[in-house]
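>>> Could you look at this predicted model? Sequence included:
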Amino acid sequence: MGHILDNLRQFWQFTGFANFEWGYLIMIIIGCAFIFMAIKYEWEPMLLVPIGFGILIGNIPLFAGLNVGVYEEGSVLNILYQGVQRGFYPPLIFLGIGAMTDFSSLIANPKLLLIGAAAQFGIFGAYAISLALGFDPAQAGAIGIIGGADGPTAIFLSSRLAPTLMGAIAVSAYSYMALVPVIQPPIMRLLTTKKERLIRMKPPRPVSPTEKKLFPIIGFLLTAFIVPSGIPLLGMLFFGNLLKESGVTKRLANTASGPLVDIVTILIGVTVGASTQASQFLRWESVKIFIIGALSFVIATFAGVLFVKFFNLFLKEGNKINPLIGNSGVSAVPDAARVSNNVGLEYDPKNYLLMHAMGPNVAGVIGSAVAAGMLLGFLG
């Protein structure tokens with residue numbers, strides 16, 4: 001009988017109940033909240049469901065030595081997490097993004113690239129705030145990239161500049177990407193007049209197949225020569241787009257934009273979520289990162305909308321840009337462009353801004369990768 005009781009006591013020591021701490025419960029509630037928002041409100045469900053469930057996986061209290069936790073070297077979760085730590089998941093995501101993205105709007109109206117560049121002020125604004133709050137330059141650079149609204153880029157840069165903050169940075173980036181439809185519209189309405197919201201833009205010109213084929217080659221060479229450190233992201237982005245536009249690699253493009261990107265999204269979401277163990281995540285630094293992340297999105301939206309208003313001062317009547325597309329300079333594709341379109345339709349049900357907003361939106365993807373390369377170049 002005593003032997004059985006000893007076995008039961010030993011079994012109890014291995015359970016999550018015996019190793020429970022309140023921090024785990026807090027993280028489990030956060031994970032459930034992510035899943036709820038994804039299912040109830042459909043806020044980036046492809047991201048929030050894997051991350052939310054990953055948070056649950058990572059916050060089951062474990063007995064030391066079980067070798068199943070994400071931070072225990074050699075465990076299955078740890079092996080899968082290597083794709084995040086070593087930064088090879090993000091380039092694969094960029095390959096898929098390139099293969100599913102149509103750059104026609106940007107090619108047809110290259111000046112929209114400037115809006116995407118203006119929105120990157122969110123990155124450098126967050127960088128400055130991070131320095132002011134006591135983070136070192138490398139950590140500030142990794143936190144700053146949250147302002148680009150680009151989860152894979154945030155993971156790629158933080159894995160190199162601030163590995164210890166990667167979980168908080170990644171979760172913050174993906175959380176605010178999901179909240180783009182909530183954060184941006186009030187700022188867009190605040191900064192624009194009714195007359196500006198009713199501006200109708202000229203339809204974009206038709207883009208030839210030759211232009212679409214040349215764009216990824218020329219785009220890669222230009223950006224890679226400027227920021228060689230961004231090659232892992234920029235190279236895969238433009239390569240994926242060439243697979244799509246070449247017309248002769250349809251199977252490869254379909255694989256990159258479909259099964260491959262879906263698999264990597266699952267792995268990156270679950271492992272990033274699992275990395276938010278309470279002991280690693282519930283720190284004052286994480287709170288500061290979430291505050292800075294929110295401010296960076298606000299700065300990026302302000303910068304994009306105000307830049308369009310400023311740019312319009314130099315454009316003739318009939319060629320002006322609707323400032324409501326200024327928000328789409330962040331690289332949350334295509335959600336930011338949808339926000340531009342939806343807010344525009346509130347004031348003019350026949351003024352469809354989606355195609356125009358996609359120009360700065362895809363420019364934001366390129367811009368965030370270039371900004372990451374710049375930060376990696378002088379901080380790495």
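Yes, it's here. Remember, predicted model here, so these are calculated numbers, not experimental data.
>>> For the helix or strand harbouring residue 214, output the C-alpha coordinates as CSV.
Taking DSSP states H and E as the criterion, residue 214 maps to helix 209-226. Below are the C-alpha coordinates for helix 209-226, written out as CSV (Å, rounded to 0.1, in the frame of the first residue of the first chain):
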residue,chain,number,x,y,z
PRO,A,209,2.9,41.4,-68.5
THR,A,210,6.4,42.5,-69.4
GLU,A,211,6.4,45.2,-66.7
LYS,A,212,5.2,42.6,-64.2
LYS,A,213,8.0,40.2,-65.1
LEU,A,214,10.7,42.9,-64.9
PHE,A,215,9.5,44.4,-61.6
PRO,A,216,10.7,41.6,-59.3
ILE,A,217,14.1,41.5,-61.0
ILE,A,218,14.7,45.3,-61.0
GLY,A,219,13.1,45.7,-57.6
PHE,A,220,15.4,43.1,-56.0
LEU,A,221,18.5,44.5,-57.6
LEU,A,222,17.8,48.0,-56.5
THR,A,223,16.8,47.2,-52.9
ALA,A,224,19.5,44.5,-52.4
PHE,A,225,22.3,46.9,-53.5
ILE,A,226,21.0,49.5,-51.1
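>>> Show me what that helix is packed up against.
Identification of packing neighbours for helix 209-226 by 3 or more C-beta pairs under 8 Å, 6 or more residues apart in numbering; DSSP states H and E yields helix 104-108, helix 231-245, helix 354-379. All C-beta atoms are positioned from the backbone trio N, CA, C, and that covers glycine.
>>> Could you point out the helix or strand that follows the shortest one?
Once the chain leaves helix 104-108, the next helix or strand it forms, by DSSP H and E, is helix 113-118.
>>> could you say what helices and strands the helix or strand that that next one is followed by packs with?
Sequence order places helix 121-132 as the next helix or strand after helix 113-118, per DSSP H and E. Other helices and strands packing on helix 121-132, by 3+ C-beta pairs under 8 Å, 6+ apart, are helix 137-144, helix 284-312, helix 354-379.
>>> ok, residues contacting helix 121-132?
With contacts defined as C-beta atoms under 8 Å, 6 or more residues apart in numbering, helix 121-132 is touched by 137, 139-141, 143-149, 292-293, 295-301, 303, 330, 368, 371, 375.
>>> hmm, 6 Å instead?
140-141, 143-148, 292, 296, 299-300, 303, 371 (C-beta atoms under 6 Å, 6 or more residues apart in numbering).
>>> Residue 157: which of those is nearest?
Closest approach to residue 157 among the contacts of helix 121-132 (C-beta to C-beta): residue 145, at 4.9 Å.
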